[in-house]
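> Model the structure of this input:
(chains A, B and C)
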Amino acid sequence: MSARLARHGRLIDRRKPLQFTFNGRHLHGYQGDTLASALLANGQTLVGRSFKYHRPRGIVAAGPEEPNALVGLGKGAGFEPNQRATTTELFDGLIAESQNHWPSLEFDLGAVNKAMARFFPAGFYYKTFMFPRAAWEHLFEPIVRGAAGLGRVPQEKDKDTYEYFYHTTDILIVGGGIAGLQAAEIAGKSGLRVLLIEQTPDWGGRAMVDGVQINGIGAADWVEKALARLRAMPNVILRSRMMGAGVYDHGYALGYERLSDHDPKIPGPRHRLWRIRARRIITATGAIERPLSFAGNDIPGVMLAGAVRDYLENYGVSPGELTLVVTNNDNAYLSAIALHEAGLTVPAIIDARPEATGALPQKARALGLRVETGCAIGTVHGGKRVTSVTLCNQAGSGAILDEIPCDAVAMSGGWSPVVHLWSHCGGKLRWDADQAMFRPDPARPPRGANGAGFVIAAGTANGHLAAEAVMEDAAEAAAAAVRALGAKADPAKRATARSMPEMPILPVWSMPANAGPKLRMKTWLDFQNDVKVSDVRLAAQEGYESVEHTKRYTTLGMASDQGKLSNINGLAVLADSLSRDIPQVGTTTFRPPYHPISFGAIAGEARGPLFKPLRKSPIHDWLDANGAHWEPVADWRRPYCLRRSGETVKEAVTREILNTRQNVGLLDASTLGKIIVKGPDAGRFLDMLYTNMMSSLKVGRCRYGLMCNENGFLIDDGVVVRLSDDTFLCHTTSGGSDRIHAWMEEWLQTEWWDWQVYTANVTEQFAQIGIVGPKARSVLEALGGMDVSREALPFMAFQEGQIAGIRARVYRISFSGELSYEIAVPAALGQAFWNKALAAGGDFGMQPYGTEALHVMRAEKGFIMIGDETDGTVIPQDLNLGWAISRKKDDFLGKRAQQRPHMVDPNRKQLVGLLTEDPQVVLPDAAHAVEGPKRANGMENIIGHVTSSYYSPTLGHSIAMALIKGGSRRMGETLRFPVADGVVIRAQVVDPVFLDKEGERQNV
Amino acid sequence: MLSLHCPYCGVDVDETDLTPGGEAHLVRSGSGSDDADFEAYLFMRKNPRGVHFERWRHSFGCGKWFHAARATDTLEVFGTYSAQTKEPPQDVQERIRARRPDWKGFGKGDRI
Amino acid sequence: MSDAVSVCNGASFSGAVQVLDAGLCGMITLRGDLADEKLSAAVKAATGMGLPKPRRIKKGKRGAVAWMSPDELLIFVDYDLADSTVTKIERALQGQYFLAVNVSDARATFALQGTGVREVIAKGAPVDMSPQGLPVGEIRRTRLGQVAAAFWLSDEEHLTLVCFRSVGSFVYDWLCNAATEGTLPRLTG
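Predicted coordinates for the structure are as follows:
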């Protein structure tokens, strides 16, 4: 059983005990523990169940590569699933629960899957859940859904906050081990800006655990001194608890800083996502140890040899009382020696190599340890805990030589450099056969904007496993980065390091070498996803040759650890099965993030009121306080209607329409786009932009205009005002102001750059208030200051001056068909004007109205709305707007496209009005019109759809507009509109202008 | 996340401050153009693996359109320049030739 | 003009730095040929200031002039003087090809004060906010969070930020959130 030792544990503070719970059990650990080390210290070897077979799983690793120890952390609004125990720092009161088991971790019914393992081979889901189709809904899906997924979804809103931080640096160094520290010192001395980040709370990496000496002192002492020197450099920033999550185009990198995961009492954001732009990135990310592939290698108690050393040295935790070591390299002997020196028993070191003559094996033998060379583990015995292993020859197929009792196994299949960040943005790898590893190929780095490589791998991450080579490589990497940026560096001013020499590794991808199917069925490659050697072999047999396809077919490396442990072993098995070399098979693509990051960090501050910018008109707050029933219009909120107390939305809309038609209404139209177009060529420019002629507009007058894109399709509409000879004001739709302003600038800058035209978007400069209805003129007269008579201010004209003491521009334009004035005042005075208008209008029964009343009134008049009657495929001709298309102009945007055969087809969908047979029935928006018999596929023959549909209180019946094939030739026809549940609504095709066809109401 | 140099502001800006505008140096075919020219103008776009000329607008900055000569395979940027030109400036073309000796030249060999 | 109100009506927040609604501020967009002597003379006559170099903002007794693009300046004057300044410029440049327009009401202006104003902005703007990336007196147009903004430092502890009026209250909330006490990443040590 794993346990806490009385000695050792350089990272824990035994004077600071901490309480925590695991599955409700009260346990304790120390300040400095990870959750994993604390669980092991409490003898909790079993920490979870595997994804597919629900096999018992224990802690394997000590870092982010851990595949098994995923837990749910916290509770309620602070709960988060799938947290790695190995990267979770222990704090007082931590609550953890294991995952993927039912009903309990110790007794899991899902583990029957284990007995069924023979029936869950690679591609099981693809092969099984095919037919019959009906079984999907009732059988397969409920079962798969019930069994699938890791952890449970949080049920409450996250209580924590998150943020971004943009940072620019010359050199980003990822990894605070001795390589990163050495690189930072060399780079820091150049005076360039350096950011050094380390994912754990502690600096120095593995050097201390591995007994490295630097400059003649212990690694821990050197690290302290190096940190002090770095902290004294004003150009160097050090951040611990910050992971390099991803490397992207042109030196962009994401840093994931965990601010309070280790102590939730710390106020402020929980995570901060650094968005770093670096001119050079040095990856000093170290290496990850590989498991060995032997039968039963997933049984709790089997761990990586390096992790065993970590738990022992860093946390004073032993993985077991009898820890057997199995290896194909010298490095694992460090673990055996450390265990032995800590007073623990190492029953044997099983070394797959024919001989072990290096300094470390010699030392182990000298300490009296049993070393079995040329040997392998045949099978690990045990259920929820290792009980023994069988010894066999590595060269054979598993004939048992001996059975050795043990309660833990420390395995080492060699080390793989962490090349993820190098690879994220396209850096290529090369296979180093001597060291049995993929390492960065410096000839093929990710390239930056200037074509030069911008990532430099350093130290172990670059394939150097010995400490001295690590320091040399790190110094050279830093010097290369500094020099590439035009500064000076001296890599000779580095530290020298000494570690125990190691003899070469023997690549071992299967243990024993000729393991038969029975052993391969029990030999795990991917612990989290339950992928075994037999699965990869089966995939190869079935014709999967590409590593990317095999990954997806077997789910190898698709778990949340993204194959950090399984990748190389898996593709070695694939290569062997295909009788190819490993480099021929290649690796899967490494993609960011290196290690899962929180959704909160990705969202940053954008939640709640900051989720999305809300644009507010100058009248917004008043409307909000006066019953506004809001609707989103682009990024604005506009009041759908203004409800009085006790009123329904529908009642409010009806009241607003009738009052505006009978008396006078007040509308906040501030959101309408307003763009100034000025210059000697302004008229010529607008003639190109609008389908109709704008250059002929007289100063002081207004004209409705349409804009199309080069496809001929209608993109916007609005009233154009000629302010002076060379100055126009173009109104756009509410959602269109930025888009149309950009559209104008695009043409002026990129096509007609010799034309003399300037534009300015003045949308938000003005509050624009509509005073609309038969009594509108009386209200304006009551406000006073301007002659608004029919003669002084006729329909489609404007005046500038003062209204109610406020400087204003008054337009006689109408979107309702009523006598209507739109008054533009400076936005800062918008509310003041609104208040004055309300006061003046009181005597005339004036009431504010919202967008739905506006919509109904414009539909009564047959006016189109961009986005209702248009959908990006509609040309003005379809909407009976041919009158607004100039025939005198040689060219305008969209003219050529509107001559294409499809655009002049008389059978195009055209705008018509509709009157339902039952005048009280309102057609649903977008209802389809159908005609004739059903088509061969059983579908109705659709000839068009409803674009706007309302009940008109003015007319006392429903009205609708629709785009119908050949619609303009169908006047008087009755069309069928099948809606839900077999109901068919019938409606007659009519002229879309339902009210005041002559326009007498607006022209008074 | 590309970083492009705005030739007007003189600063390197993140892609999120820019609006992409597709292929640069298109010639507009307006009223009176024949079907083939109009089709080419409206629909036909290059999509090379390698040297490409693109339009970008510094929309969150100065609002100006500029062009970028860029390698779509390595993301190398050979230069950014004014959008108010019919073809890439000589210095940009020379830089491309220096970096990509097999480049056939502006408007050559890269038609679809 | 006592009825005129700025978006946040003078609101202020005190956190890691201070955030203040700077109130109504006169602003004029002037587009034209910045190399034209008549234009710089018109600006000088109207504001008492010469033209700033690209990306710079120049301050004087009667306001400030900021470079916004190769053919655009933003002129800052007292809110009440914006219209008359436009008129002055228009008169001076009569017959020329230019555009001068009052945009005072289309903007919201915020003042940030204290140690750490650079860090507050760095939480939302994809800009090198170090002194070498954005020196004092340089204006930067970019994004803040999800909206367009322009800002500059008049010294290491004073930053002014201008955005569109409609998102003024959003930006104010954003700034207050970013300036929450204890949330600025210290970049030293």
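> what's the pLDDT at the nearest residue to residue C:116 once chain neighbours are set aside?
In this structure, residue C:116 finds its nearest non-sequential neighbour in residue C:184, 4.6 Å apart by CB to CB, 6 or more residues apart in numbering or on different chains. From N, CA and C alone the C-beta is placed, and that goes for glycine too. For residue C:184, the pLDDT comes out at 94.
> for chain C, what spans make up the helices?
Applying DSSP state H to chain C gives helices spanning C:37-47, C:82-92, C:117-122, C:168-178.
> How about the stretch 251-400 of chain A?
A:305-315, A:333-341, A:359-366 (DSSP state H, counting those that start in this stretch).
> residues from the stretch 1-150 of chain A in reach of chain C?
Residues of the stretch 1-150 of chain A lying close to chain C (CB under 8 Å from any CB of the partner chain): none.
> which residues in the stretch 1-150 of chain A form helices?
A:35-41, A:112-115, A:124-128, A:133-135, A:141-147.
> hey, what's the residue nearest the centre of chain C bridged with?
Taking CA atoms, centre = their mean as the criterion, residue C:162 is the residue nearest the geometric centre of chain C, at 4.5 Å. Going by DSSP bridges, residue C:162 is paired in beta bridges with residue C:109, residue C:150.
> returning to that earlier point: cross-check the contact I'm expecting between the residue nearest to residue C:116 and residue C:120.
Yes. Using CB atoms under 8 Å, residue C:184 is in contact with residue C:120, at 6.9 Å.
> So what are the structural domains in chain C, by residue number?
C:12-23+C:106-178, C:26-105 (automatic domain parsing).
> hang on, the earlier thing: how about the residue nearest to the centre of chain C, what does it touch?
C:27, C:107-110, C:149-151 (CB atoms under 8 Å, 6 or more residues apart in numbering or on different chains).
> what's the closest of the residues you listed to chain A?
For these, the minimum distance to chain A (CB to the nearest CB) is 7.7 Å, reached by residue C:107.
> That closest one against residue C:164, yeah?
Yes. Residue C:107 lies in contact with residue C:164 (CB under 8 Å); the separation is 6.6 Å.
> ok, back up a step: deepest in the core, which of the helices of chain C is it.
The highest average neighbour count among the helices of chain C, using mean count of other CB atoms under 10 Å in any protein chain shown, belongs to helix C:117-122 at a mean of 25.
> Next up, phi/psi of residue A:795, please.
Backbone torsions of residue A:795, given as degrees, to the nearest 10, read phi -50, psi 140.
> Burial check on the nearest residue to residue B:91 once chain neighbours are set aside, number of neighbours?
Closest residue to residue B:91 apart from its sequence neighbours, by CB to CB, 6+ apart: residue B:79 at 7.1 Å. Here the number of neighbours of residue B:79 (other CB atoms under 10 Å in any protein chain shown) works out to 18.
> Pull up the per-residue confidence for residue B:79.
Per-residue confidence at residue B:79 stands at 97 (pLDDT).
> Unless I misread the structure, it falls within a strand.
Yes. Looking at residue B:79 with DSSP: H, G, I helix; E, B strand; the rest coil, it is inside a strand.
> My guess is it contacts residue B:95. True?
Yes. Taking contacts as CB under 8 Å, residue B:79 lies within contact range of residue B:95: 5.9 Å.
> Mutual contacts of those two, please.
residue B:69.
> re the thing from before, in CSV: the helices of chain C, plus mean pLDDT and distance to chain A.
CSV is the format used below for the helices of chain C (pLDDT from 0 to 100; distance: least, CB to the nearest CB, whole Å):
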stretch, mean pLDDT, distance to chain A
helix C:37-47, 95, 12
helix C:82-92, 97, 8
helix C:117-122, 98, 5
helix C:168-178, 97, 5
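> can you put those helices in TSV and add distance to residue A:461?
TSV is the format used below for the helices of chain C (distance: least, CB to CB, whole Å):
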stretch	distance to residue A:461
helix C:37-47	56
helix C:82-92	59
helix C:117-122	29
helix C:168-178	35
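> could the ones you listed be laid out in TSV, adding distance to chain B?
Compiled in TSV, these are given as follows (distance: least, CB to the nearest CB, whole Å):
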stretch	distance to chain B
helix C:37-47	18
helix C:82-92	21
helix C:117-122	13
helix C:168-178	14
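> between these, which gets nearest to residue A:808?
helix C:82-92 (12.8 Å; CB to CB).
> Which neighbouring elements make contact with the closest one?
Using 3 or more CB pairs under 8 Å, 6 or more residues apart in numbering or on different chains; DSSP states H and E, the elements in contact with helix C:82-92 are strand C:26-31, helix C:37-47, strand C:99-102.
> and the contacts of residue C:162 as JSON lines, adding neighbour count and pLDDT?
Shown next, in JSON lines, are these (neighbours: other CB atoms under 10 Å in any protein chain shown; pLDDT from 0 to 100):
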{"residue": "C:27", "neighbour count": "25", "pLDDT": "98"}
{"residue": "C:107", "neighbour count": "22", "pLDDT": "97"}
{"residue": "C:108", "neighbour count": "27", "pLDDT": "97"}
{"residue": "C:109", "neighbour count": "23", "pLDDT": "98"}
{"residue": "C:110", "neighbour count": "28", "pLDDT": "98"}
{"residue": "C:149", "neighbour count": "24", "pLDDT": "98"}
{"residue": "C:150", "neighbour count": "21", "pLDDT": "98"}
{"residue": "C:151", "neighbour count": "24", "pLDDT": "98"}
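> mind checking how far the closest residue to residue A:343 other than its chain neighbours is from chain B?
The shortest distance from residue A:343 to any non-neighbouring residue, by CB to CB, 6+ apart, is to residue A:5 (7.9 Å). Taking CB to the nearest CB, to the nearest Å as the criterion, residue A:5 is separated from chain B by 48 Å.
> list the contacts for residue A:5?
A:312, A:316-318, A:342-343 are the contacts of residue A:5 under CB under 8 Å, 6+ apart.
> Whichever of these end up buried, select them in ChimeraX.
Selection of buried members from the contacts of residue A:5 for ChimeraX, criterion 16 or more other CB atoms under 10 Å in any protein chain shown:
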select /A:312,316,317,318
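> Out of the contacts of residue A:5, which is nearest to residue A:430?
Nearest to residue A:430 among the contacts of residue A:5: residue A:312, at 34.5 Å, using CB to CB.
> Next one, pLDDT for that closest one please.
Looking at residue A:312, its pLDDT is 97.
> what does residue A:112 give?
56.
> near chain A, which residues of chain B show up?
Neighbours of chain A within chain B, by CB under 8 Å from any CB: B:1-4, B:14-15, B:19, B:21, B:28-33, B:38, B:41-42, B:55, B:57, B:59, B:63-65, B:71, B:74-77, B:83-84, B:99.
> what subset of those is also close to chain C?
B:14, B:63-64.
> could I get these as TSV with neighbour count?
Listed next are those as TSV, based on neighbours: other CB atoms under 10 Å in any protein chain shown:
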residue	neighbour count
B:14	21
B:63	22
B:64	23
